[in-house]
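*Asks:* Take a look and give me a structure for this.
(chains A and B)
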Number of protein chains: 2
Amino acid sequence: MTITITAFERSPDRGRGLARDMRVRWALEEVGEPYEVRLVSFKAMKEPAHLTLHPFGQIPTYEDGDLALFESGAIVFHIAERHAGLLPADANARARAVAWMFAALNTVEPSIFERSLATILERDEPWYEQRLRRLEDSIRKRLGGLSARLGDADWLDGAFSAGDLLMVTVLRRAQGAGLLEDYPNLAAYVARGEARPAYKRAFAAQLAVFTAASGD
Amino acid sequence: MTITITAFERSPDRGRGLARDMRVRWALEEVGEPYEVRLVSFKAMKEPAHLTLHPFGQIPTYEDGDLALFESGAIVFHIAERHAGLLPADANARARAVAWMFAALNTVEPSIFERSLATILERDEPWYEQRLRRLEDSIRKRLGGLSARLGDADWLDGAFSAGDLLMVTVLRRAQGAGLLEDYPNLAAYVARGEARPAYKRAFAAQLAVFTAASGD
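*Replies:* Purely as a prediction, here's the structure:
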C-alpha cells in the first residue's frame, strides 16, 4: 500500500518549504519511505471529501491503507514510531525527543507563525509596527531559551530526531527577519537540518510542485 | 520512585484549572498514578535550577527517577503510553488519538490562548477591538470544524483518550467568552470531561494550592 499525503496545489510560500507538508516529506525521506502526493486547491480543502480527512480543512493529511491521519506533528510521530532513525531507542531519550516535538509546535511555533500572518494581514494597520515589536519580543524569549539549551550541540538532545526535524521547520519561518540571525547557534542548527540529504530531497519535491503550477 | 511535577506557586488563573499542570494532574488521576507537586514562583521559574528542567522557564515539568520532561503534551503522552486508559490498544485508533493531541495543542489552542493573553495584555492598545475580532473569527473557524467533526458523539474518536483530555483543557479557556457557548455539542463535550471523577480530583488539587496560597 502506498502512502499518500496531501499538499497545496499552489503553496502560498511559493515553494520555500514553509508549508506543513514539508515536515512529512522530510520525515518520509529520512526513513526512506516512498510516498505519493495529492494536490488540493484552497477550494477543495474546504469541501466534504477533504474535511473527512482533515476536520479543519488543512494540509497535510496522510493515508496508508485504512489509516487516515491529519496534523503534521502526529504524522511525523507516526512515521518516526514505525521506522528507525527519527526517535532514539532508549526510552528516556525517546520521551525527551517527543517533548521537543511538542515544544516545537506548541511553544516555539505559535508566535513565529503569528508574526508571519501579521506581516501579511496587518501590514497596513496603523498599529502594525507596535504589534510586530510585541510579537518579536515573544519570539526572542523563545529563541533565547532554545539557544541557551542548544549551546554548541549539533542537535537538541543527542542524535538528530523528529524533535529536531519539527524544530528546524518551525525556525525556518523566522529566517530573514533579523530574528533567527541574532542567535548564531540556532542559525547554524537550521543550516545543519537543511544540509541533510533527506531535507534536500523533500525540499526539491515540494519546490517542483510550485514550479510546475507556475508554468515555469 | 515518586513522580514529581511542578506547578505555579500562585496560578494567574486563580485556581480555575487553566494552568497547564491541570493536564498532567488529570492524566495522572485517570491512570491512578500518585504524584507530588513542587510549587515554583515566577522568579524561580526563570532561574538556572528550573531552566535545567524546562528550557523555556515554564510549568509543568515532570520528574520520575532519572527522567525529566517538559511540555504538557509530551508529559501526558508519556503517561498515556505507560498506562492503560488514555490511548486505544488498536494501532490505527492510537495514531488518531495522537493526532487529536497535536490538533488540540497546535491547531485549536493557539488562537484561544492568544485571545486570552490579548484580553490581559492588549486591552488598552489602539488595535484591541480589531484584534479581538480577528482572533475570535479564527477561533470560530476552529470550533466550527471541531463541532462538525464531533457531531453527537461523546468523544472525538471512540473512547475517551489523551486527545480528548487535552482538547477539553484547551476548550475550557474559550468558556464564558460567548465562543464555546455557540457550539452546544462542544459545550456538552467539555462538561462531559469536567464530570469525570479524575478531572474533579485534579481540579480540586490545583484549586487547593491556590486557596492555600491566598490564605483563605
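
*Asks:* tell me what the helix or strand harbouring residue A:134 is packed against?
*Replies:* Applying DSSP states H and E as the criterion places residue A:134 in helix A:128-150. If you count contacts as 3 or more Cβ pairs under 8 Å, 6 or more residues apart in numbering or on different chains; DSSP states H and E, helix A:128-150 packs onto helix A:109-121, helix A:184-194. (Glycine included, C-beta is placed from N, CA and C.)

*Asks:* number of nearby residues for residue A:152?
*Replies:* Neighbours of residue A:152 under the rule other Cβ atoms under 10 Å in any protein chain shown: 6.

*Asks:* re earlier: so for the helix holding residue A:134, what gets flagged as buried?
*Replies:* A:131-132, A:134-136, A:139-140, A:142-147, A:149-150 (16 or more other Cβ atoms under 10 Å in any protein chain shown).

*Asks:* Give me the contact list for that helix.
*Replies:* A:107-108, A:111-112, A:114-115, A:118-119, A:122, A:125, A:156, A:167, A:171, A:174, A:177, A:179-180, A:182-183, A:185-186, A:189, B:51, B:55-57, B:121-122, B:125, B:127, B:131 (Cβ atoms under 8 Å, 6 or more residues apart in numbering or on different chains).

*Asks:* again, only this time at 6 Å
*Replies:* A:108, A:111, A:112, A:114, A:115, A:122, A:179, A:183, A:185, A:186, B:55, B:56 (Cβ atoms under 6 Å, 6 or more residues apart in numbering or on different chains).

*Asks:* and those residues, which two are the farthest apart?
*Replies:* A:122 and A:185 (30.7 Å; Cβ to Cβ).

*Asks:* what about these two, which has more around it?
*Replies:* residue A:122 (18 against 13).

*Asks:* In space, what's closest to the more buried one - neighbours in sequence excluded?
*Replies:* Computed as Cβ to Cβ, 6 or more residues apart in numbering or on different chains, the closest residue to residue A:122 that is not its neighbour in sequence is residue A:128, at 5.4 Å.

*Asks:* Could you do residue A:155 as well?
*Replies:* In space, residue A:155 is closest to residue A:164, 4.8 Å off (Cβ to Cβ, 6+ apart).

*Asks:* count of residues packed around that neighbour?
*Replies:* The number of residues packed around residue A:164, counting by other Cβ under 10 Å, is 26.

*Asks:* pretty sure residue A:37 is in contact with residue A:7, am I right?
*Replies:* Yes. At 5.3 Å, residue A:37 counts as touching residue A:7 under the criterion of Cβ atoms under 6 Å.

*Asks:* those helices in chain A, which residues are they?
*Replies:* Taking DSSP state H as the criterion, chain A carries its helices at A:21-31, A:42-45, A:48-53, A:72-82, A:91-102, A:109-121, A:128-150, A:162-172, A:184-194, A:197-213.

*Asks:* Find the residue at the geometric middle of chain A.
*Replies:* residue A:169 (3.9 Å; Cα atoms, centre = their mean).

*Asks:* How is chain A divided into domains?
*Replies:* Domain assignment for chain A by automatic domain parsing gives A:3-85+A:198-213, A:91-196.

*Asks:* By mean pLDDT, point me to the weakest helix or strand of chain A.
*Replies:* Using mean pLDDT, DSSP states H and E, helix A:109-121 stands out as the lowest-scoring helix or strand of chain A, at a mean of 91.

*Asks:* which residues sit against it?
*Replies:* Here helix A:109-121 has contacts from A:135, A:138, A:139, A:170, A:173, A:174, B:110, using Cβ under 6 Å, 6+ apart.

*Asks:* and the last one, how many neighbours?
*Replies:* This points to residue B:110. The local packing of residue B:110 (other Cβ under 10 Å) involves 22 other residues.

*Asks:* Also residue A:183?
*Replies:* 20.

*Asks:* now do the one 10 residues further on
*Replies:* Applying other Cβ under 10 Å, we find 20 residues neighbouring residue A:193.

*Asks:* Ok, residue A:211 next?
*Replies:* Neighbours of residue A:211 (other Cβ under 10 Å): 13.

*Asks:* Tell me how far it lies from chain B.
*Replies:* Distance, residue A:211 to chain B, by Cβ to the nearest Cβ, to the nearest Å: 29 Å.

*Asks:* Show me which residues of chain A are close to chain B?
*Replies:* Along chain A, the residues adjacent to chain B under the rule Cβ under 6 Å from any Cβ of the partner chain are A:55-56, A:67, A:69-71, A:73-74, A:78, A:92, A:95, A:98-99, A:102-103, A:105-107, A:110, A:127, A:145, A:149.

*Asks:* Pull out the buried residues from the residues you listed.
*Replies:* A:55-56, A:69-71, A:73-74, A:78, A:92, A:95, A:98-99, A:102-103, A:105-107, A:110, A:127, A:145, A:149.

*Asks:* Spatially nearest residue to the residue of chain A most remote from its centre, not counting backbone neighbours?
*Replies:* For chain A, the largest distance from the centre (Cα atoms, centre = their mean) belongs to residue A:126, which lies 31.2 Å off. Spatially, and ignoring its direct neighbours in sequence, residue A:126 is nearest to residue B:126 (6.9 Å; Cβ to Cβ, 6+ apart).

*Asks:* where does the one you found land on pLDDT?
*Replies:* Per-residue confidence at residue B:126 stands at 83 (pLDDT).

*Asks:* What of residue A:216?
*Replies:* Predicted confidence (pLDDT) for residue A:216: 53.

*Asks:* how near is residue A:24 to residue A:106?
*Replies:* 18 Å (Cβ to Cβ, to the nearest Å).

*Asks:* Quick check: which ranges of chain A have low pLDDT?
*Replies:* Residue ranges of chain A with pLDDT under 70: A:216.

*Asks:* Tell me the spacing between residue A:82 and residue A:69.
*Replies:* Using Cβ to Cβ, residue A:82 is found at 12 Å from residue A:69.

*Asks:* Can I get stretch A:52-63 in CSV, CA atoms only?
*Replies:* C-alpha atoms of stretch A:52-63 as CSV (Å, rounded to 0.1, in the frame of the first residue of the first chain):
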residue,chain,number,x,y,z
THR,A,52,-13.4,13.9,6.1
LEU,A,53,-9.7,13.5,6.1
HIS,A,54,-8.9,16.8,7.9
PRO,A,55,-11.6,18.3,10.2
PHE,A,56,-10.0,21.7,10.0
GLY,A,57,-9.7,21.7,6.2
GLN,A,58,-5.9,22.0,6.0
ILE,A,59,-2.9,20.1,4.6
PRO,A,60,-1.1,17.8,5.1
THR,A,61,-3.1,14.6,5.5
TYR,A,62,-1.6,11.1,5.4
GLU,A,63,-3.3,7.9,4.1
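
*Asks:* in it, what's buried?
*Replies:* Counting neighbours by 16+ other Cβ under 10 Å, the buried set in stretch A:52-63 is A:53, A:54, A:55, A:56, A:57, A:58, A:59, A:60, A:61, A:62, A:63.
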